[in-house]
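Peer 1: Build me a model from this:
(chains A and B)
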Amino acid sequence: MTETHPGLLHHFDDAAQQKEASTLGMWTFLITEILFFGGLFAAYVVYRTRFPEAWAAGSHHLDITLGAVNTAILIGSSLTMALGVHSSQIGRNRLLIAFLILTVVLGGAFLGIKAVEYHHKYEEHHVPGPAFSYPGPIAGQVQLFFALYFAMTGMHALHMVVGVGLLLNLIRQARRGRFTPAYNTPVDMIGLYWHFVDIVWVFLFPLLYLLGRH
Amino acid sequence: MSDHIVPRRTYYLIFAALLVLTAVTVAVAFLDVGPLNTIAAMSIASIKATLIVLYFMHARYGSRLVWVFLGCGIMWLGVLLALIMSDYVSRGWTG
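Peer 2: Predicted structure coming up:
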């Protein structure tokens, strides 16, 4: 690595300093994301504490198999992302492109299953709004559960869509040979983002699908 | 460039551990162990998140400053949840 590398911007002393700044900046962004999702988690905890029966009833209507399969798919996509970063670090560009494509495919599979689940909810009239219907006296509380379900999984899915877009852009750049062992910061940073979105799901899955299941 | 290159074997091991933990958390969800259900589910999720942060996200090999930032984020999330809940659980009149 020398100062002549095209990836090095003029306001950094060297590549290591540039990489450190990028990494810290990415973590700072992810921390704002933790607090963004934290607001939704806080709303979930408040209303679960107040309406435990409705929360148990609501989670019984979610498909635990699809949720578990999606969890495995997302963990798999984190593995392929990590292997992609690894490939770029050791200069295996074709392998990098293959792993990035695999990550996009797995991310797409996750979103596809999520769409199937949303469609089930639509057919069962569990989408909050005028068409919502649920028998019994706690219908309003169950509707609140589903409102939070759609808000939390919807924001998560939106992050996945953004992630897929970022990955497609990375693939385009990788095909042009932009990434080398000396400069692979974008691969690394988008990897951090992808893993963060995985972590959000790691908490959403038990909170929405598993608690109150027994 | 001083990238710390994690051996591929580590990634496979973490991946396997995450899948096993997912299976465990699903299995535990079908047992009725009262409040322990919530504690078990959240503990397993936290372990999974920690594995992802440390190894997939390379925090273990990251700079001290990254650790400080990450600690700040988690601390503020704790403040958010703890203060909101301390308010709700201490107000009997909200029903």
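Peer 1: Find the closest residue to chain B in chain A.
Peer 2: Residue of chain A nearest chain B, by Cβ to the nearest Cβ: A:I31 (3.3 Å). Any C-beta I mention is one placed from the backbone N, CA and C, and that applies to glycine too.
Peer 1: What's the local residue count around B:V68?
Peer 2: 12 (other Cβ atoms under 10 Å in any protein chain shown).
Peer 1: do B:R64 as well
Peer 2: 7.
Peer 1: same question, B:A23
Peer 2: B:A23, neighbours per other Cβ under 10 Å, totals 13.
Peer 1: distance of it from B:F30?
Peer 2: Taking Cβ to Cβ, to the nearest Å as the measure, B:A23 falls 12 Å from B:F30.
Peer 1: now swap in B:I14 and tell me
Peer 2: For B:I14, the distance to B:F30 - Cβ to Cβ - is 26 Å.
Peer 1: Check A:I64 too.
Peer 2: 9 Å.
Peer 1: Compare these two (neighbour count), which wins?
Peer 2: A:I64 (16 against 11).
Peer 1: residues touching the residue nearest to the more buried one when sequence neighbours are not counted, list them.
Peer 2: Closest residue to A:I64 apart from its sequence neighbours, by Cβ to Cβ, 6 or more residues apart in numbering or on different chains: A:Y209 at 5.3 Å. Neighbouring residues of A:Y209 by Cβ atoms under 8 Å, 6 or more residues apart in numbering or on different chains: A:S59, A:L62, A:D63, A:I64, A:G67, A:A68, B:A29.
Peer 1: again, but for A:V104
Peer 2: Taking Cβ under 8 Å, 6+ apart as the test, what A:V104 contacts is A:V164, A:L167, A:L168, A:I171.
Peer 1: For the last one, which residues are in contact?
Peer 2: In other words, A:I171. Taking Cβ under 8 Å, 6+ apart, one finds A:I97, A:L100, A:I101, A:V104 in contact with A:I171.
Peer 1: Now with 10 Å, please.
Peer 2: A:G84, A:L96, A:I97, A:A98, A:L100, A:I101, A:T103, A:V104 (Cβ atoms under 10 Å, 6 or more residues apart in numbering or on different chains).
Peer 1: So the last one: helix, strand or coil?
Peer 2: The three-state label given to A:V104 by DSSP: H, G, I helix; E, B strand; the rest coil is helix.
Peer 1: Look up how far A:T185 lies from it.
Peer 2: 20 Å.
Peer 1: Now the phi/psi pair for A:T180, please.
Peer 2: phi -130, psi 170 (degrees, to the nearest 10).
Peer 1: what domains does the record give for chain B?
Peer 2: B:1-62, B:63-95 (automatic domain parsing).
Peer 1: tell me which residues in the shortest one are buried?
Peer 2: Of the residues in domain B:63-95, those buried by neighbour count under the rule 16 or more other Cβ atoms under 10 Å in any protein chain shown are B:V66, B:F69, B:L70, B:G73, B:L77, B:L80, B:I84.
Peer 1: likewise stretch A:32-47?
Peer 2: A:E33, A:I34, A:F37, A:G38, A:L40, A:F41, A:A42, A:A43, A:Y44, A:V46, A:Y47.
Peer 1: quick one: contacts of that stretch?
Peer 2: For stretch A:32-47, using Cβ under 10 Å, 6+ apart, the contacting residues are A:54-55, A:141, A:144-145, A:147-149, A:151-152, A:154-156, A:159, A:193, A:196-197, A:199-200, A:203-204, A:207-208, B:70, B:72-74, B:76-85, B:87-89.
Peer 1: Sounds good, over and out.
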